[in-house]
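In: let me see the structure of the following:
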Amino acid sequence: MKRLLVILSLLLPVAAFGYRDYRGVNLDSLERIVAKWPWSRVEKASREEVNEYAICVDQLSRGYSTIDPARSQYYARIFMNLGYRFNSGNGVYQGAIRLGDHFRAQEQYDSAAVYYGKALKAIDMKSAAGDDEAGIDDDRSRLYGSLGNLYAEQDSLTRTFEYYALADEIFVKHGWLESSAILHQNSGFIWMDAGEPEKARPEFEKALQLGTEAQDSLIVAGARLGLGTYYQSIGKTNRALEEVTAAYEYYKEHSMEESLALKDSLAIMNAAHEELYRNARMLVIGVFLILLLSIGGTLLVRRLRLTKRELTETSAVLEETIEGLRPAEQDSKPLLNEQEKAIARLLVEGKSTKEIADAVNLGVNTVLWYRKRLYAKFDVHNAAAFSTEMSKLGILD
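Out: Numbering: from 1, shown residues only. Below you'll find the model as predicted:
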C-alpha cells in the first residue's frame, strides 16, 4: 500500500501547478552556490537575492528526495526556516509538507504529524496574506491527502477517509477530475488492503468514470487494474482477466515509466490464467468422475438384476428340494410343478439344455439341476428313457 500512497502524494497537486522534473538538476553546482550563503549573509540579503537562494535550496531538497533523503530533509528544513524568516507562507508550507512526507516514509508518524501541522498553519499564513484561492485550495487538498495517507499507514481508516473526503470536496469544487480520480483509486486499494473488496469496487468504478471524463489513459489503466484485483479476489476470474488485460495494454506501451504497474498487472494476469487452467482441470476431472459413476451405476444395476434372478431361481430350487424330501404316496405318480412340466416337455421334444434355458428364462446350471431332478424322480438316466417314461405314465397329456 505504501507505494500507492506515495504516488498519490506526488500526484495530488498537479491540478493547479505543472510538474517539474528535478532529477536533471546539477546538484553539485547548486551545492557550490548554496555553500556561499551562510545564514549571516541570508539575513542581510535583499528579497530578490533571498529568492534566488531559496530556489537553489528548494531544488536541492527536491533533487535529493530519492537519492539522499537525509540531505533532502536538511534542505527542506532550511527552506521552511527561510519561510518563517521572511514570513512566506508558501516557503513554510513547501518545506513542512516535504519534511512530513519524509518522516512518514520513514514510519516516524509522530514527527510527520508535527510537520503536517506546521503546513496547515502555513496555509493560514497564505490565506491571511491574500494568496490566490485556487493555490491555497491546492495546498490544502495536498495536505489532506498526505494526512489521509498518514492515517492509512497506521490502519486508522476512519481518519483516513475523513481527510480524503475533505480533499475530494476541493477537487469537486474546482473540477480537478484527475486528482479526484486518483483519490478514489487510492481509496479502492486501501479497502482492498483492509480485506473489504465490496467497499473497494465503487471507488475503482468512480476512478474509472472520472479518468474517462478527463481522458487520462494512465488513470483509466490504474482504475481497471484496481477492478481486476477486485474481481480476482471474489473469484470472477474471467472478468478480472478482462480488466487487467486492458490495463496491461497501456502499461506495456509505457513500460519505462510504469514498470511497477506493468509488473503488478502481469502478476494478476498470470494468477488469473492459472485459476482458469485449474478450473478447467477440475471440470475435466469432474466430468470423468461422473462418467465413471454412470458406468459403475449401470453395471451395478445389471448386477443387481442378475442377483435377483439368481436368488429367485435358488429360492424355487430350495422349495422344490424341500417338497421332494417329503415322502410320496405309495404307487402314486411323481408330482411335477409347472416349472418341471415345462422343462419336461422341452426335454421330450429333444431340446438342448441351452435351448431350454432360453425358453424358460433360467440359467443353464439351473436347467441342468432340473434335468437331474426329473431323471431321479422317474429313475432314468438319459433323455430317451425319460421320454419313454413320460409317454407311459401320461403325465404330460
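In: quick check: which ranges of the stretch 201-350 of the chain have low pLDDT?
Out: Along the stretch 201-350 of the chain, segments meeting pLDDT under 70 span 254-284, 286-288, 307-333.
In: now with 50?
Out: 257, 325-331 (pLDDT under 50).
In: show me where it has helices.
Out: 217-233, 237-253, 259-325, 338-348 (DSSP state H, counting those that start in this stretch).
In: can you give me the strands in the protein?
Out: Assigned strands in the chain: none (criterion: DSSP state E).
In: chain center to stretch 368-380, what's the gap?
Out: Averaging C-alpha positions (CA atoms, centre = their mean, to the nearest Å) puts stretch 368-380 77 Å from its chain's average.
In: try stretch 215-233
Out: Here the centre of stretch 215-233 is set off from its chain's centre by 14 Å, with CA atoms, centre = their mean.
In: in that stretch, which residues are buried?
Out: Across stretch 215-233, burial judged by 16 or more other CB atoms under 10 Å covers 216, 218-232. C-beta here means a position set from N, CA and C on the backbone, and glycine is covered the same way.
In: so which of those residues comes closest to residue 112?
Out: Distance to residue 112, by CB to CB, is smallest for residue 222 among those, at 25.1 Å.
In: roughly how far does the nearest residue to that closest one once chain neighbours are set aside sit from residue 209?
Out: Excluding its sequence neighbours, the residue lying closest to residue 222 (CB to CB, 6 or more residues apart in numbering) is residue 185, at 5.2 Å. Distance of residue 185 to residue 209, given as CB to CB, to the nearest Å: 11 Å.
In: burial measure for the residue nearest to residue 222, as a count.
Out: 27 (other CB atoms under 10 Å).
In: give the rounded mean pLDDT of stretch 146-161.
Out: The average pLDDT for stretch 146-161 rounds to 92.
In: how far does it stretch from start to finish?
Out: End-to-end distance of stretch 146-161 (CA to CA, to the nearest Å): 12 Å.
In: centre of the chain to it, how far?
Out: Centroid displacement of stretch 146-161 relative to its chain, using CA atoms, centre = their mean, is 25 Å.
In: need phi/psi at the closest residue to residue 47 other than its chain neighbours.
Out: Spatial nearest neighbour of residue 47, excluding adjacent residues (CB to CB, 6+ apart): residue 86 at 7.1 Å. Torsion angles at residue 86 (phi, psi; degrees, to the nearest 10) stand at phi -110, psi 20.
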